[in-house]
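>>> Sequence and predicted structure below; questions after.
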Amino acid sequence: MTSPTPPPAAPRLVVGIDLGTTNSLVAVRAGKTPHVLRNQQGEALIPSVVCLHPDGRTIVGEAAKALRLQFPDRTIFSIKRLIGRSASEAAGDAAGLPYPVVAGERDLPRVRIDDRDYSPEAISAMVLGQVKAVAEQATGQLVHDAVVTVPAWFDDAQRQATKDAASLAGLSCLRILNEPTAAALAYGIDGSKDGTVLVYDLGGGTFDVSILRIEGGVFRVLATAGDTHLGGDDFDALLVQRILALLPRRAAAAAKEDPYVLQAVRGAAEGLKVRLSDAGSATLQLDLGDRGQVDLTVTRAEFEGAISPLVQRTLDCVQRVIKDAGLRVADIDDTVLVGGSTRVPMVRKRLAQLLGKEPRTDVDPDLAVALGAAVQADVLAGNDRSLLLLDVIPLSLGIETLGGAVQKLILRNSTIPTSVTEEFSTGVDEQTAVDLTIYQGERELAQDCRRLGHFKLRGIPPLPAGLPRIAVTFLVDADGVLRVTAREQRTGVEAGIQVVPSFGLTRDEVRRMMLDSIENAQSDYVAREQIDLRNKAEAMVRGTEKALAMSELPPDQTYAVQKALKALARLLAANADAAALKHGCDELTKVTATIADDVISSAVTKALREETTR
Amino acid sequence: MIHVPAPDPFTVFGVAKSLDLDARALERRYLELSRECHPDLNRAANTADCVAVLQRSAEINDAWKVLRDPWQRAKALLEAKAPGVLDRNKKLDPMFLADALELAEEVAFARDDALAPLQSRLDQALEGDWQQLRADLDAGDLDAAARTLHASHYHRKALADLQAKS
């Protein structure tokens, strides 16, 4: 019997994915330079938004984002804020979200739509599925392997949950890569940047800062710090408060209660923030019909006053990370900015003041993470042996000892992989199992750290107390994920370890969900893109109709909107192709730019009217 | 829970068991070993090999952490030359301990003007410890070297506390 000849080895395609709180991106590296992949409409940013439509469809990305106003309670965004956390921990975040988040089994957060519960991993997997589809369509190849980025400050549970989400999306996650590290790769890839670089990454929801030394193709992280709950969304939230404070009291109360209006206020706040990056003040014009017009003006000084404490928090982190790296401010050769929130002028100004030099502007803050992930993907695919990345673990790992204290086994900022071996014994005669609880964090007491999981060593030979010698090895792999192995020293017996994670999915759950997803997998991506665009267009038509009914636009504007609306509806009826639909959507977007402002205007007018008639 | 010592870092790096190692040469050796052994550049086909690659890579990172810090390097050196020597020499001169305690209090209450002179005193004390350690090693008296190392711990701790204040 002859064995079949293996097919010739094709260059392996591994993509780099920036799985963001707000938007996701995918990039590949062909040759020296990495580039981002775009969908058929030429868009690189894939909104990390999933809409579970009442008609049973799952809509992801741009089309789902367009449905946020129409289905606020079934359009899921910012899922990254919930992943790998418990429902109680995530309660603060969940309270600000317009879709329902409940506590499921083991106090895990679940998104509940139509009495069905979805894990954050499953939702993230839907986003990753869309990312995978874009990559496959753009490259014309099937995509199986990926490097997925996470905030450097993500702990073990959040990393594991992200890996699980990739598995559920049918992706093998070759590496969990820290976002600032990825950005440094994108910055230093041309080989001319040897030195010490500080990466300041302020995204929509998280803040990270890392210091790296780049030397002869080796990118070595010296220290990292951050805040999992600090970002541009918090700037927006402060502006939302400001807008609500400027509205008449009853109108503000009415806006707070209506998720539709509140969503419009959020949209307006984001717009104001962007305009305030270029101008000294920005105005939100509300047309209140016969009551005239109200202009809500926010000056940049007001905005900066409001966000100043948040910016200071990031600068405290920067100072801490410099100290942790054993460096002084003067040792930093360059600063790289990552994340859309670094466009806020005050952020740049204060950082430049602290570091005594202007940050680099030649790295695109939106693309750097995905591009760096593509570089690391290329290294892991075996295509580039000149680069090496040495990263660190962001938070210390330890186990609980008597009295509820945490004994640290692996200190934060240790280069990974890293390992430590400790020997344990039994306290009772004939004891055959030992319980260990793993914690992650910097505090001294277990109650102040994150409980990562529970390990039970089984199969210990029954001996008098204190005689068994069980060597437990805690190994943190290159993903920053903990692996535990144990061996009884006298007998050489490998002790069984049963892992019960405190957060996220159990191994069985992941296996079951993967089988489900394979059964439901679809492969016709071009058709899917067409469907997505149809969904988006349909959503825009319905959303705009609803908004038109709620708002009171001047006649010429109403006419323009209705004209664009009809044109798009005709394209839909005629089953037009993707390019035509895309054009129709763009035209409609142009004329509806002010509609969010107007929805707020109408809400205010309505509230004032109700007040007069009472 | 008993700590199981990691493999001797001098052997992991393949360098001489010596107190004086050139910092730059050591760093170059670290980067060279990392290139040879890091899992990213050595993707093993089967799981068992994967764990072996990870273990080796972890050993290198952990050895580097010890070797690049002169005091940790000294500790590893003593342990490699005479296993158990540090544990056997934990008992320090009561007079020294009384002085150390006084120093710790001085650091705890030091303010403004007192900080700088205290810092230079501690720097000097540590420099003295280092010279003593070298002399003990040169004389082949590992027990004395272990005691010197234990004593230096109090000075290092005081210095760290002082630096945390500014």
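On my side now, so go ahead. Every value quoted in this text rests on a predicted model; they were computed, and no experiment measured them.
>>> Every contact and neighbour count from this point should use C-alpha atoms.
Will do.
>>> Contacts only, for whatever residue of chain A ends up closest to chain B.
For chain A, the residue positioned closest to chain B under CA to the nearest CA is residue A:418, at a distance of 4.1 Å. Contact analysis of residue A:418 by CA atoms under 8 Å, 6 or more residues apart in numbering or on different chains lists A:410, A:475, A:476, A:477, B:55, B:57, B:58, B:59, B:61, B:62.
>>> what's the answer for residue A:166, then?
A:125, A:128, A:172, A:173.
>>> List phi and psi for it.
Main-chain dihedrals, residue A:166, degrees, to the nearest 10: phi -60, psi -40.
>>> The one 5 residues further on too?
Phi and psi for residue A:171, reported as degrees, to the nearest 10, are phi -110, psi 140.
>>> what about chain A, any weak spots by pLDDT?
Scanning chain A for pLDDT under 70 picks out A:1-11, A:259, A:287-293, A:402-403, A:495-529, A:593-594, A:596, A:603, A:607-614.
>>> ok so, going back, give me the subset of the contacts of residue A:166 lying in strands.
Among the contacts of residue A:166, the ones falling in strands (DSSP state E) are A:172, A:173.
>>> Most neighbours among the contacts of residue A:166, please name it.
Neighbour tally across the contacts of residue A:166 (other CA atoms under 10 Å in any protein chain shown): the maximum, 29 neighbours, falls on residue A:128.
>>> gap between the closest residue to it other than its chain neighbours and residue A:62?
Closest residue in space to residue A:128, ignoring its immediate chain neighbours: residue A:169 at 6.0 Å, by CA to CA, 6 or more residues apart in numbering or on different chains. To residue A:62, residue A:169 is 19 Å away according to CA to CA, to the nearest Å.
>>> what does residue A:421 give?
Distance from residue A:421 to residue A:62, counting by CA to CA: 49 Å.
>>> list the helices and strands the host helix or strand of residue A:589 packs on?
Under the criterion of DSSP states H and E, residue A:589 resides in helix A:578-591. Secondary-structure packing of helix A:578-591 (3 or more CA pairs under 8 Å, 6 or more residues apart in numbering or on different chains; DSSP states H and E): helix A:525-550, helix A:555-573.
>>> can we see that at 6 Å?
Helix A:578-591 is packed against helix A:555-573, with contacts defined by 3 or more CA pairs under 6 Å, 6 or more residues apart in numbering or on different chains; DSSP states H and E.
>>> Which positions within the helix it packs on qualify as buried?
A:558, A:561, A:562, A:564, A:565, A:567, A:568, A:569, A:571, A:572 (16 or more other CA atoms under 10 Å in any protein chain shown).
>>> what does stretch B:77-91 give?
Quick answer for stretch B:77-91 (16+ other CA under 10 Å): B:77, B:78, B:79, B:80, B:85, B:86, B:89.
>>> Helix, strand, or coil at the first one?
Three-state assignment for residue B:77 (DSSP: H, G, I helix; E, B strand; the rest coil): helix.
>>> ok, for it, nearest residue in space, not its chain neighbours?
Of all residues not flanking residue B:77 in the chain, residue B:17 sits nearest, at 6.4 Å (CA to CA, 6+ apart).
>>> Chain A versus that neighbour, what's the distance?
According to CA to the nearest CA, to the nearest Å, residue B:17 and chain A sit 22 Å apart.
>>> And for that residue, the neighbour number?
Using other CA under 10 Å, residue B:17 has 18 other residues around it.
>>> which stretch of helix or strand covers it?
Residue-wise, residue B:17 maps onto no helix or strand under DSSP H and E.
>>> Which segments of the chain make up each domain?
No chain specified, so I'll use chain A. Per automatic domain parsing, the domain ranges recorded for chain A read A:14-191+A:363-386, A:397-477+A:481-517, A:525-613.
>>> hmm, I had chain B in mind actually
Domain ranges of chain B: B:9-69, B:85-165, per automatic domain parsing.
>>> Please see if the longest one touches chain A.
Meaning domain B:85-165. No. Judged by CA under 6 Å from any CA of the partner chain, domain B:85-165 and chain A are separated, with a smallest distance of 10.3 Å.
>>> Of residue A:169 and residue A:62, which one has the most company?
It is residue A:169, of residue A:169 and residue A:62, that has more neighbours when counted by other CA under 10 Å, with 27 against 20.
>>> Hmm, the more buried one is touching residue A:131, no?
No. Counting by CA atoms under 6 Å, residue A:169 stays clear of residue A:131, with 9.6 Å between them.
>>> ok, then the element right after the lowest-mean-pLDDT helix or strand in chain B?
Using mean pLDDT, DSSP states H and E, the weakest-scoring helix or strand in chain B turns out to be strand B:2-4, at a mean of 72. Reading on from strand B:2-4 to the C-terminus, the next helix or strand found by DSSP H and E is helix B:9-13.
>>> for the record, mean pLDDT for the following helix or strand past that following helix?
Using DSSP H and E, the helix or strand that follows helix B:9-13 in sequence is helix B:23-37. The pLDDT scores in helix B:23-37 average 91.
>>> ditto for stretch B:126-139
Here stretch B:126-139 scores 93 as its mean pLDDT.
>>> Mind listing residues that contact that stretch?
Contacts to stretch B:126-139, defined as CA atoms under 6 Å, 6 or more residues apart in numbering or on different chains, come from residues B:145, B:148, B:152.
>>> who are the neighbours in contact with the second one?
Contact analysis of residue B:148 by CA under 6 Å, 6+ apart lists residue B:133.
>>> ok, now the first one?
Shown in contact with residue B:145 (CA under 6 Å, 6+ apart): B:133, B:136.
>>> Going by secondary structure, it is in what exactly?
Element membership for residue B:145, per DSSP H and E: helix B:142-165.
>>> centre of the chain versus that helix, how much separation?
10 Å (CA atoms, centre = their mean, to the nearest Å).
>>> what about dumping the CA coordinates of it to PDB?
Below are the C-alpha coordinates for helix B:142-165, written out as PDB (Å, rounded to 0.1, in the frame of the first residue of the first chain):
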ATOM      1  CA  LEU B 142      31.000  30.600  51.200                       C
ATOM      2  CA  ASP B 143      29.400  30.700  54.700                       C
ATOM      3  CA  ALA B 144      30.700  34.200  55.200                       C
ATOM      4  CA  ALA B 145      29.600  35.200  51.700                       C
ATOM      5  CA  ALA B 146      26.100  33.900  52.500                       C
ATOM      6  CA  ARG B 147      25.900  36.000  55.700                       C
ATOM      7  CA  THR B 148      27.100  39.100  53.800                       C
ATOM      8  CA  LEU B 149      24.400  38.500  51.200                       C
ATOM      9  CA  HIS B 150      21.700  38.200  53.900                       C
ATOM     10  CA  ALA B 151      23.000  41.400  55.600                       C
ATOM     11  CA  SER B 152      22.900  43.300  52.300                       C
ATOM     12  CA  HIS B 153      19.200  42.400  52.000                       C
ATOM     13  CA  TYR B 154      18.400  44.900  54.800                       C
ATOM     14  CA  HIS B 155      20.300  47.600  53.100                       C
ATOM     15  CA  ARG B 156      18.600  46.900  49.700                       C
ATOM     16  CA  LYS B 157      15.200  46.800  51.400                       C
ATOM     17  CA  ALA B 158      15.900  50.200  53.100                       C
ATOM     18  CA  LEU B 159      17.000  51.700  49.800                       C
ATOM     19  CA  ALA B 160      13.800  50.400  48.000                       C
ATOM     20  CA  ASP B 161      11.700  51.900  50.800                       C
ATOM     21  CA  LEU B 162      13.500  55.200  50.500                       C
ATOM     22  CA  GLN B 163      13.100  55.300  46.800                       C
ATOM     23  CA  ALA B 164       9.400  54.500  47.100                       C
ATOM     24  CA  LYS B 165       9.000  57.700  49.200                       C
END
